[in-house]
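Engineer: Test case, fold it:
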Amino acid sequence: MTQLVPPEESGADALSVEQELPWQRLDKRMLLVHPVNELVKLLPVVLVSLIVGTQSGNHFWGLIPLAIIVGFALLRWFTTAYRIGPVHIELRTGLLQKKLLSVPRSRIRSVDVEANLLHRMLGLSVVRIGTSHQTGRGDEKFELNALDASLVPGLREALMTKHATPEIEDIPADRSVAVEISHFNPAWVRYAPFSSTGVVAIAALVGVGFQYGLGEKVADSSAVSSALDSATKVGIIVAVLVGLVVLLIAASLLACVRYLLNYGNLRVTDDGKVLHVSHGVLKTRQTSLDRGRLRGTALKEPLLLRLVGGAKVDAIMTGVSSAARESSLVLPQAPVAEAHRMMNTVTGDPAPVAVPLIGHGPAATRRRFTRALLPVLLLAVIVVVLQLVGVPMPVLVWVALAVLIVAAVLLGWDRSRGLGHAVLPGWLITRSGSLDRDRECLQAGGIIGWTVKQSYFQRRAGVSTVVAATPAGRQGYWVLDLPIEQAWELVESVTPGAGSIWVRKVETDRALPG
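Structural biologist: Predicted coordinates for the structure are as follows:
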């Protein structure tokens, strides 16, 4: 099965040809996918309808939501069409409110391909197009759900290269010149528990249970009553500690399972023009990133992951928002040495990863400690005042307060130790944070503007925040609490000419008497 794809062109003649191209339908097998997906989303409504129908003796109540779901799926197929022209790719949707989404092919920066278990069973894939202009609104995403999986490799190659292949079809393996730069290692799963995914999964399950009434039934069960009686006998503190251990074990197991399912079969390849990242066991995901739009890399080191020597790597890409999460992923949780190697490989330059960073001075350090300690000190004042006015404070409160003060001091120390930046020819490197620390290596050529700003408290401390604006990643990379006299010097050193007028002004102000 093939589908013609014209080469990418521009100009009035190409636009004229494009208007004559026929609109294409999505694969008919999507009529089996969408009813199942919608049925899962609306399962409580369907169950309620079935119960009502059974109790009333009118079983047609249970068929009404099923008929609506099937009808909705049919309408989506009949009202959705797409067209791939030499200048644009277009998506037409809607019945009462029609919508036409048109994306210039010159702005395509990434192609994501997903397939959950049902898609894979039916031989289908979901294709999402990332462009140089991302609004972040869900209704603006260019998504083709679903296409024949055999068409996707050729379609991806056609959209990610300037000279598209004449047909979308299966690409023989011997045509690929990509080099594998990383692959999944089962030992990496040991880093999975040091993230919040397991706790979030448990919280989601508990929330769903209470939403549909299961939580109340469990709470009223004899097992819970027996557990509460046992907790009363052994003591509340011991029971809480045991509960935390059980929660930690359950969260860790869930995190490991999720890691294996999401990142199993990970393979990262590079053909010199496009980075291809594929992973997943049940639900697969394949992301193609245009190397011509690569603007750097980000080393993600959350506190727990950093304590066990792990890190993640994201690509900083024009047209790929960092909020898109998996769309910019290059390496999931892995040893920090592997993360550094991947950053070197992706950027082609080991210097930004290895260079030591410059600290921001005592004022920045004071601000790290002040911001960490202030909330705890305010809480301590409240507790002391309550004690003085006659409200007895249990010993546990004082112990907790002491623990919080120590934790705040350690947090301030770690944040000050992690704060820094460096400037290399062609690169800006910045790092900040503690609980969620990032080290970002940004190409100077990708910076389109600068902002130097000061809050009231920053002015009093003599520091400033320098923001490098870029259309890539999160679109703004911050150098926090840099001494104000160094701010425009930093701008000038990264982008010669951008800060020279301000550097001269600062030097003139210093020379003025008084």
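Engineer: Which parts of this protein belong to which domain?
Structural biologist: Domain assignment for the chain by automatic domain parsing gives 3-110+118-171, 190-263.
Engineer: Could you tell me the least trusted of those domains?
Structural biologist: The weakest mean pLDDT among the domains of the chain belongs to domain 190-263, with a mean of 69.
Engineer: Can you get me the start-to-end distance on it?
Structural biologist: This stretch, domain 190-263, spans 13 Å end to end (C-alpha to C-alpha, to the nearest Å).
Engineer: Name the residues of stretch 303-323 that are buried.
Structural biologist: Within stretch 303-323, the residues that count as buried by 16 or more other C-beta atoms under 10 Å are 305-306, 310-322. Yep, even glycine has a C-beta here, placed from its N, CA and C like the rest.
Engineer: got it, and stretch 338-349?
Structural biologist: 338-347, 349.
Engineer: out of these, which are inside helices?
Structural biologist: Secondary structure from DSSP state H places 338-347 of those in helices.
Engineer: how about the strands in the stretch 51-200 of the chain?
Structural biologist: Assigned by DSSP state E, counting those that start in this stretch, the stretch 51-200 of the chain shows strands spanning 81-84, 88-93, 99-104, 108-115, 124-131, 142-148, 167-168, 179-183.
Engineer: do the stretch 301-450 of the chain as well
Structural biologist: Using DSSP E, counting those that start in this stretch, strands in the stretch 301-450 of the chain cover 310-317, 329-335, 420-424, 427-432, 436-443, 449-453.
Engineer: so residue 27, which of the three states?
Structural biologist: coil (DSSP: H, G, I helix; E, B strand; the rest coil).
Engineer: To what extent is residue 194 buried, counted in neighbours?
Structural biologist: 20 (other C-beta atoms under 10 Å).
Engineer: ok, it to residue 161 distance?
Structural biologist: Computed as C-beta to C-beta, to the nearest Å, the residue 194 to residue 161 distance reads 39 Å.
Engineer: repeat for residue 354
Structural biologist: Taking C-beta to C-beta, one finds residue 354 at 33 Å from residue 161.
Engineer: List the contacts of residue 280.
Structural biologist: By C-beta atoms under 8 Å, 6 or more residues apart in numbering, residue 280 lies in contact with 261-265.
Engineer: For stretch 106-126, buried residues please.
Structural biologist: Here stretch 106-126 shows 107-116, 118-119, 122, 124-126 as buried, counting by 16+ other C-beta under 10 Å.
Engineer: What of stretch 8-26?
Structural biologist: Result for stretch 8-26 [16+ other C-beta under 10 Å]: buried residues 8, 14, 18, 26.
Engineer: ditto for stretch 70-86
Structural biologist: 73, 76-77, 80-86.
Engineer: start to end distance for it?
Structural biologist: Span of stretch 70-86 from end to end, C-alpha to C-alpha: 35 Å.
Engineer: Show me the contact partners of that stretch.
Structural biologist: Outside of stretch 70-86, the residues within contact range by C-beta under 8 Å, 6+ apart are 5-10, 14, 17-18, 21-26, 28, 30-31, 34-35, 38, 89-95, 98, 105, 144, 155, 158.
Engineer: what residues does stretch 18-27 touch?
Structural biologist: Residues from elsewhere that reach stretch 18-27, judged by C-beta under 8 Å, 6+ apart: 3, 6, 77, 80-88, 92, 124, 144-148.
Engineer: distance between that stretch and the chain's centre?
Structural biologist: With C-alpha atoms, centre = their mean, to the nearest Å as the basis, stretch 18-27 stands 33 Å off its chain's centre.
Engineer: What about the residue lying closest to residue 113 once chain neighbours are set aside, how many residues nearby?
Structural biologist: Using C-beta to C-beta, 6 or more residues apart in numbering and skipping residues adjacent in sequence, the residue nearest residue 113 is residue 286, 4.1 Å away. Residues lying near residue 286 (other C-beta under 10 Å) number 20.
Engineer: Quick check: residue 286 vs residue 146, distance?
Structural biologist: Computed with C-beta to C-beta, the distance linking residue 286 and residue 146 is 14 Å.
Engineer: Check residue 73 too.
Structural biologist: 12 Å.
Engineer: Could you work out the end-to-end span of stretch 301-313 for me?
Structural biologist: 9 Å.
Engineer: again with stretch 279-287
Structural biologist: Stretch 279-287: ends 9 Å apart by C-alpha to C-alpha.
Engineer: Stretch 99-112 now?
Structural biologist: Termini of stretch 99-112 sit 22 Å apart (C-alpha to C-alpha).
Engineer: Identify all contacting residues around that stretch.
Structural biologist: 8, 10, 85-93, 127-133, 139-140, 142, 155-156, 159-160, 285-290, 293, 317-320, 326-327.
Engineer: Please indicate which of these are buried?
Structural biologist: 8, 85-91, 93, 127-132, 142, 155-156, 159-160, 285-290, 293, 317-320, 326-327.
Engineer: With distance to residue 490 as extra columns, can I get the strands of the stretch 51-200 of the chain in JSON lines?
Structural biologist: Shown next, in JSON lines, are those (distance: least, C-beta to C-beta, whole Å):
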{"stretch": "strand 81-84", "distance to residue 490": "45"}
{"stretch": "strand 88-93", "distance to residue 490": "41"}
{"stretch": "strand 99-104", "distance to residue 490": "35"}
{"stretch": "strand 108-115", "distance to residue 490": "28"}
{"stretch": "strand 124-131", "distance to residue 490": "31"}
{"stretch": "strand 142-148", "distance to residue 490": "38"}
{"stretch": "strand 167-168", "distance to residue 490": "47"}
{"stretch": "strand 179-183", "distance to residue 490": "32"}
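Engineer: Determine which of those strands approaches residue 467 most closely.
Structural biologist: Of all these, it is strand 108-115 that lies closest to residue 467, at 22.4 Å by C-beta to C-beta.
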